[in-house]
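Student: The following comprises the amino acid sequence and a computationally predicted model.
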Amino acid sequence: MNILLIGSGGREHALAWKMRVSPLLDKLYIAPGNAGTSLLGQNIDIAPDNFKAIRKAVLENHIDMVVVGPEVPLVKGISDFFLNDAAISHVPVIGPTSRGAQLEGSKEFAKQFMLEHNIPTARYLAVTSDTIDEGERFLKNLKPPYVLKADGLAAGKGVLIVDDIDQARNELRLMLGGKFGKASNTVVIEEFLSGIELSVFVVTDGHSYMLLPEAKDYKRIGEGDTGLNTGGMGAVSPVPFADEEFMQKVRNRIIRPTIDGLGADEIPYKGFIFFGLINVDGEPYVIEYNVRMGDPEAEVVIPRLQSDIVEIFQAVAAGDLKKLTPRIDPRTAVTVMMVSGGYPGSYEKGKNISGLEHVEGSIVFHAGTTSSNGIITSGGRVLAITSLGDSIDDALEKSYKNASLIEFENKYFRRDIGFDLK
Ligand code: AMP
Ligand code: GLY
């Protein structure tokens, strides 16, 4: 079959790399892709939310399935767009319709969903400028620090955690006044949960689900988890504290009620669900839902999946996922993200990348690269260096050795990925 993959980051390179080895795959197209995906299929220069151009590419290239990497096209309704157009409605889209994508697209929707279906999460109140007084009263009844979240998509920047009540009240007003544009017309105020975070992933056909390996990502730019938030500077899978007892709680209290809740609310859902969880004294709580794989988590989760991912996607589309059991590599996978100096602030693009040919024992997933007289940087996150090993240290040693062989001006990477898990 021919598949069109939407997206251009390390997650998409990992998905493309995995799909490429499937005997079920004929041609692979990636829109828009990067220099890494161009070695596995044909990149097509289409933005992920240009549905008309995607439709044209699907028809021209006889695409049999669309796999969506990032959240924006899902929240904007790419799956609905396909279902509602007779010329392309036969092409399954791996990714939920816009209603299901509200689990990520609206924090208020997600919190309401969890409340309704009894899924453990932090106490909250959703506030608009009409209910700001209620919001202030709710804040007063919480203990610091205070968590304020823009309801809508804000490119990972819409969450503020502040220590001081006056600052929290002030930020609430700024957010409702447009600090994150329309995304913060509604603000979710939450109780702060203290614990260690992890990401759990499933793929679902709306009835059954397949649990994929869990992972932990490292969001801050600086070592010791300091400095500004980024898209993710590295990841590790498995997560040692996610033992059988903990994961059983996750399955019983969080995953199953989520899938059943979608069914009860008549929200058909075919795709990935990413549970952003926090372990509070051994008890799992949901911090957030995402309706896609994580990035850089995909760069450790996908390499541990030994099953044919195209077969999994076919079963998702057909609604018979329950017939499959995943095969998982028991080894530890780590990824170390090499980024442009200055990221997540301003940084320069267009730097030549050299040394890729010296890499041995790791997989290099491209995150922000393009081809132009060789391979050059085109984003903040540039390359994800993934390795498998018998331990975190064993895997990290390979990734760090290879990261030191790859050069581009002002390259930076964290040297302490996994520090809290060892
Ligand atoms: P979110 O976009 O909802 O994942 O929030 C971004 C980050 O803020 C999370 O990864 C957590 O580190 C932190 N965070 C969000 N909500 C809470 C909460 N209720 N308690 C503690 N930390 C939180
Ligand atoms: N690494 C977190 C995310 O993909 O949202």
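Tutor: Looks like it came in fine. Numbers count the residues shown, from 1 in each chain. Ligands and ions are numbered 1, 2, ... in the order given.
Student: Neighbours of residue 227, how many?
Tutor: Residue 227 has 13 neighbours, counted by other CB atoms under 10 Å. (Each C-beta comes from the backbone N, C-alpha and C, glycine too.)
Student: In this structure it contacts residue 220, no?
Tutor: Yes - between residue 227 and residue 220 a contact is recorded at 5.3 Å, counting by CB atoms under 8 Å.
Student: Residues of the stretch 251-400 of the chain that sit close to ligand 1?
Tutor: Residues of the stretch 251-400 of the chain lying near ligand 1 by CB under 6 Å from any ligand atom: 276, 287, 288.
Student: Tell me the one of the residues you listed nearest residue 323?
Tutor: Comparing those against residue 323 with CB to CB places residue 276 closest, at 28.9 Å.
Student: Quickly find the element holding the closest one.
Tutor: strand 271-280 (DSSP states H and E).
Student: list the buried ones in that strand?
Tutor: Buried positions in strand 271-280, judged by neighbour count with 16 or more other CB atoms under 10 Å: 271, 272, 273, 274, 275, 276, 277, 278, 279.
Student: Look up how far residue 261 lies from the third one.
Tutor: Counting by CB to CB, to the nearest Å, the separation of residue 273 from residue 261 is 11 Å.
Student: what's the answer for the fourth one, then?
Tutor: Look at residue 274 and residue 261: by CB to CB, they are 16 Å apart.
Student: same deal with the last one?
Tutor: Distance of residue 279 to residue 261, given as CB to CB: 22 Å.
Student: right, and residue 64 touches residue 25 too?
Tutor: No - here residue 64 does not reach residue 25: they are 9.8 Å apart, not a contact under CB under 8 Å.
Student: so what sits against both of the two?
Tutor: Contact criterion CB atoms under 8 Å, 6 or more residues apart in numbering; residues shared by residue 64 and residue 25: 1, 3.
Student: for the spatially most central residue of the chain, what are its contacts?
Tutor: When CA atoms, centre = their mean is applied to the chain, the residue found nearest the centroid is residue 294 (2.1 Å). Each residue near residue 294 by CB under 8 Å, 6+ apart is listed here: 11, 199, 201, 215, 217, 232, 235, 274, 301.
Student: Without its sequence neighbours, what residue ends up closest to the closest residue to ligand 1 within the stretch 301-422 of the chain?
Tutor: Of all residues in the stretch 301-422 of the chain, residue 420 sits closest to ligand 1, at 13.3 Å by CB to the nearest ligand atom. In space, and not counting its chain neighbours, residue 420 is closest to residue 196: 7.2 Å by CB to CB, 6 or more residues apart in numbering.
Student: how deep is that neighbour tucked in, by neighbour count?
Tutor: Residue 196, neighbours per other CB under 10 Å, totals 13.
Student: Then residue 113?
Tutor: Neighbour count for residue 113, taken as other CB under 10 Å: 22.
Student: Please identify the residues of the stretch 251-400 of the chain in proximity to ligand 2?
Tutor: Going by CB under 6 Å from any ligand atom, the residues of the stretch 251-400 of the chain near ligand 2 are 290, 294, 295, 297.
Student: let's see it at 5 Å
Tutor: Within the stretch 251-400 of the chain, the positions adjacent to ligand 2 are 294, 295 by CB under 5 Å from any ligand atom.
Student: What ranges does the stretch 251-400 of the chain have for its helices?
Tutor: Remark: helices assigned in the stretch 251-400 of the chain by DSSP state H, counting those that start in this stretch are 256-264, 298-304, 309-318, 392-405.
Student: The stretch 51-200 of the chain now?
Tutor: Taking DSSP H, counting those that start in this stretch as the criterion, the stretch 51-200 of the chain carries its helices at 51-60, 72-75, 78-83, 98-105, 107-116, 132-140, 165-174.
Student: I'd like these as TSV, with mean pLDDT appended.
Tutor: Converted to TSV, those look like this (pLDDT from 0 to 100):
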stretch	mean pLDDT
helix 51-60	98
helix 72-75	97
helix 78-83	98
helix 98-105	97
helix 107-116	98
helix 132-140	94
helix 165-174	94
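Student: who's sitting farthest from the centroid in the protein?
Tutor: Max distance from the centre of the chain (CA atoms, centre = their mean): residue 133, 34.6 Å.
Student: Strands - which of the contacts of residue 294 land there?
Tutor: 199, 201, 217, 235, 274 (DSSP state E).
Student: could you flag which of the contacts of residue 294 are buried?
Tutor: Of these, these count as buried by 16+ other CB under 10 Å: 11, 199, 201, 215, 217, 232, 235, 274, 301.
Student: now these in CSV, with pLDDT?
Tutor: Formatted as CSV, the buried ones among the contacts of residue 294 follow (pLDDT from 0 to 100):
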residue, pLDDT
11, 98
199, 97
201, 98
215, 98
217, 96
232, 95
235, 98
274, 98
301, 98
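Student: Can you say which two of these are spatially most distant?
Tutor: Farthest apart among the buried ones among the contacts of residue 294 - using CB to CB - are 201 and 232, which lie 14.0 Å from each other.
Student: Now do residue 8 against residue 116, distance only.
Tutor: Relative to residue 116, and taking CB to CB, residue 8 is found at 36 Å.
Student: the more surrounded of those two?
Tutor: More neighbours surround residue 8 than the other of residue 8 and residue 116, with 27 against 12 (other CB under 10 Å).
Student: got the contact list for that one?
Tutor: 30, 32, 33, 34, 37, 48, 69.
Student: And the pLDDT at residue 422?
Tutor: Residue 422 carries a pLDDT value of 84.
Student: now residue 158
Tutor: Model confidence at residue 158, given as pLDDT, is 89.
Student: Just give the nearest non-adjacent residue to it, would you?
Tutor: Leaving aside its chain neighbours, residue 158 sits nearest to residue 150 (3.2 Å; criterion: CB to CB, 6+ apart).
Student: rewinding a little: what residues does the strand holding residue 276 touch?
Tutor: 68, 74, 94-96, 100, 103, 193-204, 209, 241, 246, 250, 254-255, 258, 284-294, 297, 316.
Student: Tell me the strands beside it, with direction?
Tutor: strand 196-204 (antiparallel), strand 283-290 (antiparallel) (DSSP bridges).
Student: And the last one, what's buried?
Tutor: Taking 16+ other CB under 10 Å as the basis for neighbour counts, the residues of strand 283-290 that come out buried are 284, 285, 286, 287, 288, 289, 290.
Student: quick one on the thing from earlier: would you reformat the contacts of residue 294 as TSV and include distance to residue 170?
Tutor: Listed next are the contacts of residue 294 as TSV, based on distance: CB to CB, whole Å:
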residue	distance to residue 170
11	36
199	32
201	37
215	36
217	30
232	29
235	35
274	32
301	39
